[in-house]
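Student: dropping a prediction and its sequence here:
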Amino acid sequence: MHLGGAGPQDWMDEQDQEMRFAESFLEASTTIAPLLGLIGTVIGLSRLLSAMGPQLLLPPGGTFSGFGDLLISTAMGLVVSLVAMVTLHLNHGLRQWQQSIWRRDLHRRVTL
């Protein structure tokens with residue numbers, strides 16, 4: 001392990017910062033993605049209700065098939081959020097694991 005001019009703790013802190021690189025993006029994604037999905041669903045529902053008219057009637061020959069597609073944006077937002085959250089937690093766990101290895105190795109070098 002090359003420490004350069006810095007002490008071991010400084011080196012570990014620097015490595016930890018590098019491992020946190022995308023965490024703020026992932027944290028934001030877990031919140032923003034479902035909200036964008038809900039916005040898409042609300043816009044789709046608004047268009048549907050507008051097409052149904054003031055009495056909320058289906059156009060002649062119209063069916064409810066395909067109206068479930070309105071929820072696709074919400075589902076996709078939730079999927080993106082889930083993937084971002086899992087990735088964030090995996091990164092956090094791997095970072096802690098790596099730090100424990102560094103601490104153990106550093107402790108061994110100091111006690112030798």
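Tutor: Good, I have the coordinates. Numbers count the residues shown, from 1 in each chain.

Student: and the gap between Val79 and Val86?
Tutor: From Val79 across to Val86, the span is 11 Å (C-beta to C-beta, to the nearest Å). In short, each C-beta sits where N, CA and C put it, glycine included.

Student: which parts of this structure are strands?
Tutor: With DSSP state E, there are no strands along the chain.

Student: please enumerate the helices of it.
Tutor: Assigned by DSSP state H, the chain shows helices spanning 8-19, 23-52, 72-111.

Student: excluding chain neighbours, what is closest to the residue nearest in space to the middle of the chain?
Tutor: Nearest to the geometric centre of the chain sits Ala84, at 2.3 Å (C-alpha atoms, centre = their mean). Nearest residue to Ala84 in three dimensions, chain neighbours excluded: Ser29, at 3.8 Å (C-beta to C-beta, 6 or more residues apart in numbering).

Student: pull out the buried positions in the one helix or strand in the chain whose mean pLDDT sits lowest.
Tutor: When the helices and strands of the chain are scored by mean pLDDT, DSSP states H and E, helix 8-19 comes last with a mean of 83. Neighbour-count burial for helix 8-19 flags Trp11, Met12, Met19 (criterion: 16 or more other C-beta atoms under 10 Å).

Student: got the CA positions of that helix in CSV?
Tutor: C-alpha atoms of helix 8-19 as CSV (Å, rounded to 0.1, in the frame of the first residue of the first chain):
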residue,chain,number,x,y,z
PRO,A,8,-2.4,6.0,6.8
GLN,A,9,-5.6,7.6,8.0
ASP,A,10,-5.4,10.4,5.4
TRP,A,11,-4.8,7.8,2.7
MET,A,12,-7.8,5.8,3.9
ASP,A,13,-10.0,8.9,4.0
GLU,A,14,-9.0,9.7,0.4
GLN,A,15,-9.8,6.2,-0.8
ASP,A,16,-13.2,6.4,1.0
GLN,A,17,-14.0,9.7,-0.8
GLU,A,18,-13.2,8.1,-4.1
MET,A,19,-15.5,5.1,-3.3
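
Student: nice, that's everything, thank you.
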